[in-house]
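Student: give the three-dimensional model of this entry:
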Amino acid sequence: MTDQATFNALVLDQTDDKVTASIKRLDEAALPDGDVTVDIAYSTLNYKDGMVLGGIGRLVRDYPHIPGIDFAGVVSSSDSPDYSVGDPVVLTGWRVGEIHWGGYAQKARVQSQWLTPLPADLSAQHAMAIGTAGFTAMLAVMALEHAGLTPDQGQVLVTGANGGVGGVAVSILAKLGYDVAASTGRPEHGDHLRALGASEIIDRAELATVPERPMLKERWAGAVDAVGGATLSSIIAQLKYGGSVAACGLAGGSKLESTNIPFLLRGVNLLGIDSVMCPAGRRLEAWARLARELPREKLESLTEIVPLAALPELGPKILKGEIRGRIVVDVNR
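Tutor: Numbers count the residues shown, from 1 in each chain. Now for the predicted structure:
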């Protein structure tokens, strides 16, 4: 066995229902089945990664396990006609990092259909600054557009705006010419959100209670909701006629309390966003648009780069909403 056949990984082990994480040196032969092997350059930290690191939600079936639901790197070996050695690729979703070993390692072996070619004008580091969170934000914007939203219809709300999904959504919407209201529980970061393009900062407490009435005053033409729960209920009651909300998170809870009255009397739309099993064509479109429409300087202002060893400490923080923007993981540090 040579050094080329081994790699570093953050490995989760479970003992008596307690999950622990440690950096280990593994043999490449230990990687799971797949037709493409990737030398990983960067991964990232998402809310779901925090759950996996903490052993929450029974997302992982078997231990030992390598978490990390995203990665970007270069193909090192391939039995697929779709990819050749040296091809830059990105992966998000497909339950990689949950039921299949993921990106918190220097190598991964996966099914070729899970991979997406990295756009030529996007680096691996920038791709992971985007990651599942930014990819989800782009899917949400695309869904709103498909439902008919245009900048001239009025203000668009983004909830959880200090998080990864929210920050990218604010940046994209502002670049596309929308008037963006950003909701956050950390008003001290208002200047940061304005720099991303928000014109108004809304305290999340305004949206944190299920409305007593089925409809309130019309406020937003559309919304990207990364919070869920009572916040989503509040948004539905305040959408303008024909408005849409793209639901893409549940940090505030999974229970939705509403009535069908806003749907019947205002013709509003509730759009579900799934980034995990998103089909290939939509993935290619989303990544192409992210490369084209997400300003690099704003992306970099959202990003902090950390080594693998920092992840056990950061996992609980992202679950508590204590991380602003995006964490990029340099797996070779």
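Student: after the helix or strand of the chain with the lowest mean pLDDT, next one along is what?
Tutor: Sorted by mean pLDDT, DSSP states H and E, the helices and strands of the chain end with helix 296-301, the least confident at a mean of 88. Under the assignment DSSP states H and E, the closest C-terminal helix or strand after helix 296-301 is strand 303-307.
Student: just checking: what are the partner strands of that following strand?
Tutor: Applying DSSP bridges, strand 303-307 is found paired with strand 326-330 (parallel).
Student: centre of the chain to the partner strand, how far?
Tutor: Average the C-alpha atoms of strand 326-330, do the same for its chain, and the two points are 12 Å apart (CA atoms, centre = their mean, to the nearest Å).
Student: equivalent analysis for stretch 72-88, please.
Tutor: The chain centroid and the centroid of stretch 72-88 are separated by 24 Å under CA atoms, centre = their mean.
Student: which residues sit against stretch 194-202?
Tutor: Outside stretch 194-202, the residues that touch it by CB atoms under 8 Å, 6 or more residues apart in numbering are 155, 157-158, 161, 167, 170-171, 173-175, 179-184, 187, 190, 193, 298, 301-302. Using the backbone N, CA and C atoms, a C-beta is placed for each residue, glycine as well.
Student: and it, how far out from the chain's middle?
Tutor: The answer for stretch 194-202 is 20 Å, by CA atoms, centre = their mean.
Student: coming back round to it: now intersect the contacts of stretch 194-202 with the helices, please.
Tutor: When DSSP state H defines the helices, the subset of the contacts of stretch 194-202 inside them is 167, 170-171, 173-175, 190, 193, 298, 301.
Student: helices along the stretch 101-250 of the chain, start to end?
Tutor: All helices of the stretch 101-250 of the chain, identified by DSSP state H, counting those that start in this stretch, fall at 124-146, 164-175, 190-196, 229-238.
Student: in TSV: those, plus mean neighbour count, distance to L270 and mean pLDDT.
Tutor: As requested, the helices of the stretch 101-250 of the chain are exported to TSV (neighbours: other CB atoms under 10 Å; distance: least, CB to CB, whole Å; pLDDT from 0 to 100):
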stretch	mean neighbour count	distance to L270	mean pLDDT
helix 124-146	25	11	97
helix 164-175	28	17	95
helix 190-196	19	25	95
helix 229-238	24	7	97
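Student: how about these in TSV, adding distance to S43?
Tutor: Written out in TSV, the entries for the helices of the stretch 101-250 of the chain read as follows (distance: least, CB to CB, whole Å):
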stretch	distance to S43
helix 124-146	6
helix 164-175	13
helix 190-196	23
helix 229-238	28
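Student: looking at those, which is closest to R219?
Tutor: If you check each of these against R219 by CB to CB, helix 229-238 wins as the nearest, at 4.5 Å.
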